[in-house]
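Requesting a structural model of the entry that follows:
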Amino acid sequence: GVLTAVIVGTRDLDATQIDVGSLRLGRADGTGHTIAPITGPPGPHPHLVDICTAPGDIEPCECPPSGPDGRTDLMLKFDSEELAHELGLIGLPKNSTVQLELSGELFDDTPFAVDDCLYLVNS
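Now for the predicted structure:
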């Protein structure tokens, strides 16, 4: 399967200026390796959408209200099996929370990083 992630566009981050080729997803604690998003087509690929409300001032790993806000967001897909192996998620207890970091660059070479959490559940 795939894990869907969205980089939410804000006043300070224009999602249309993100260099998708620079993106890497890893654990915030540095455990394991990093992976790149799936870059099809064919199949899943990064695309621009307006799907999420900018989170504003929330604590890490809280879920903000969601819905279109008029700003462009970047939707990404990651291979779930690659994610589990490369980020060292296999063997973690069910219902664990792992903080992830997605880093990359804008087209003007400005680096950025965003964090969020992955909740591990039984399938």
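
Could you list the low-confidence segments of this protein?
Scanning the chain for pLDDT under 70 picks out 54-66, 122-123.

now residue 37, what's its secondary structure?
coil (DSSP: H, G, I helix; E, B strand; the rest coil).

these two touch, right, it and residue 46?
Yes - if you go by C-beta atoms under 8 Å, residue 37 and residue 46 touch, sitting 5.8 Å apart. Quick note: C-beta positions are derived from backbone N, CA and C, even for glycine.

Give me the common contacts of these two.
Listed as contacting both residue 37 and residue 46 by C-beta atoms under 8 Å, 6 or more residues apart in numbering are 20, 76, 77.

re the thing from before, between residue 37 and residue 46, which has more neighbouring residues?
More neighbours surround residue 37 than the other of residue 37 and residue 46, with 25 against 18 (other C-beta atoms under 10 Å).

who's in contact with residue 95?
119, 120, 121.

Most neighbours of all those, which one?
In terms of neighbour count, residue 120 stands highest of the contacts of residue 95 at 14 neighbours, by other C-beta under 10 Å.

quick one, what contacts it?
For residue 120, the contacting residues are 89, 92, 93, 94, 95, 96, 97, 98, by C-beta under 8 Å, 6+ apart.

Just confirm residue 20 is within a helix.
No - Residue 20 is assigned strand when assessed by three-state DSSP, not a helix.

Can you tell me the number of residues neighbouring it?
Neighbours of residue 20 (other C-beta under 10 Å): 15.

Sitting in helices, which of the contacts of residue 120 do you find?
Among the contacts of residue 120, no member falls in helices (DSSP state H).

Which stretches in the protein count as strands?
2-7, 18-27, 47-49, 73-79, 97-106, 111-119 (DSSP state E).
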